[in-house]
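J.: pasting a predicted model and its sequence here:
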Amino acid sequence: MTKLIAGNWKMNGLVASSQVLAHGLADKVKANPGRADVAICPPGPLIRDALSAVSGSPISVGGQDCHANESGAHTGDTSAALLADMGCSSVILGHSERRADHGETSALVKNKAQAALNAGLVVIVCVGESEAERDAGQAETVIGQQIDGSLPAGGTPQTVVIAYEPVWAIGTGRTPSLQEIRAIHVFIRNRAQESHGLGDGLRILYGGSVKPGNASEILAIQGVDGALVGGASLTVEDFWGIIENCP
Ligand code: PGA
């Protein structure tokens, strides 16, 4: 399976700097095609500029969130239909920062995912345990509940991607061992199969402190189908350093 490397820019970048980043990435990917499927997920107001910067390259653009409703009186929110209409291919949903900062529950994430599927977007649904949950031996319980509760009905391996992001590994420079990542990815695939019939061919990404220096060993793990990258997606050098390390 071709790996998917998705850059989650979070709330970073201004107009000019994001243009430099998107153009620089597009040049790299055009010059070295076929390493991986590459997506960037800029802040909403930068999506249009990012789309034009990467046009003519195989890089796709995604959102970082959407509302569960198609349209309406929801100040500050963005609909999945608008993301799709602008030219986005995907949307990240249920990121741990949104679950923590905005109190997003798995039920809400599922409704958003349903809206995104209806709009024709690929959904990248994030799951992962906190450090306390991990220390308490609850990682699989928590992740299992997130999978059961967050995945949309009617998804397929072409339209649903799961990102395993241990909360304690995000932005910290710490990562689980390779064996731990492998084991959790096996667990996630089995659970997605049981709960939603989605195991075979499902892309499961790892996210949390992926860098050029650890990308090749993480991406070589069987069952790791790509990476969701935060901090290291903010420079061409680092993001390309991950893409070119795809086995
Ligand atoms: P990080 O973030 O790569 O900066 O750890 C990953 C993410 O939150 O998607």
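T.: Yep, that arrived.

J.: CA atoms for contacts and neighbours, from now on please.
T.: OK.

J.: interface residues of the chain facing the ligand?
T.: Residues of the chain lying close to the ligand by C-alpha under 6 Å from any ligand atom are Asn8, Ile170, Gly171, Gly207, Gly208, Ser209, Val210, Leu228, Val229, Gly230, Gly231, Ala232.

J.: find the nearest non-adjacent residue to the fifth one, please.
T.: The shortest distance from Gly208 to any residue that is not its chain neighbour, by C-alpha to C-alpha, 6 or more residues apart in numbering, is 4.2 Å, and that residue is Ile170.

J.: quick one: the helix or strand hosting Gly149 to chain centroid distance?
T.: Element membership for Gly149 (DSSP states H and E) is helix 139-150. Centroid separation for helix 139-150 versus its chain: 17 Å, with C-alpha atoms, centre = their mean, to the nearest Å.

J.: tell me what it is packed against?
T.: helix 106-118, strand 122-127, helix 178-196 (3 or more C-alpha pairs under 8 Å, 6 or more residues apart in numbering; DSSP states H and E).

J.: just name the most buried of those.
T.: Counting by mean count of other C-alpha atoms under 10 Å, strand 122-127 has the highest mean neighbour count of these, with a mean of 27.

J.: measure how that one sits relative to helix 106-118, angle-wise.
T.: Orientation check (axes from the mean of the first three to the mean of the last three C-alpha atoms, to 10 degrees): strand 122-127 against helix 106-118 gives 170 degrees.

J.: avg pLDDT for strand 122-127?
T.: Mean per-residue pLDDT for strand 122-127: 98.

J.: report the strands that pair with it, each with its relative direction.
T.: Next to strand 122-127 in the sheet, as set by DSSP bridges, lie strand 90-93 (parallel), strand 160-164 (parallel).

J.: for those, give me TSV that also has mean pLDDT and mean neighbour count.
T.: Putting the strands paired with strand 122-127 into TSV (pLDDT from 0 to 100; neighbours: other C-alpha atoms under 10 Å) gives the following:
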stretch	mean pLDDT	mean neighbour count
strand 90-93	98	27
strand 160-164	98	25
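
J.: of all these, which one is nearest Gln179?
T.: strand 160-164 (14.1 Å; C-alpha to C-alpha).

J.: from Trp240, how far off is the residue at the greatest distance from the centre of the chain?
T.: Going by C-alpha atoms, centre = their mean, the residue of the chain most distant from its centre is Ala73, 27.4 Å out. Counting by C-alpha to C-alpha, to the nearest Å, the separation of Ala73 from Trp240 is 40 Å.

J.: cool, and Gly94?
T.: 26 Å.

J.: please apply the same query to Pro42.
T.: Applying C-alpha to C-alpha to Pro42 and Trp240 gives a distance of 16 Å.
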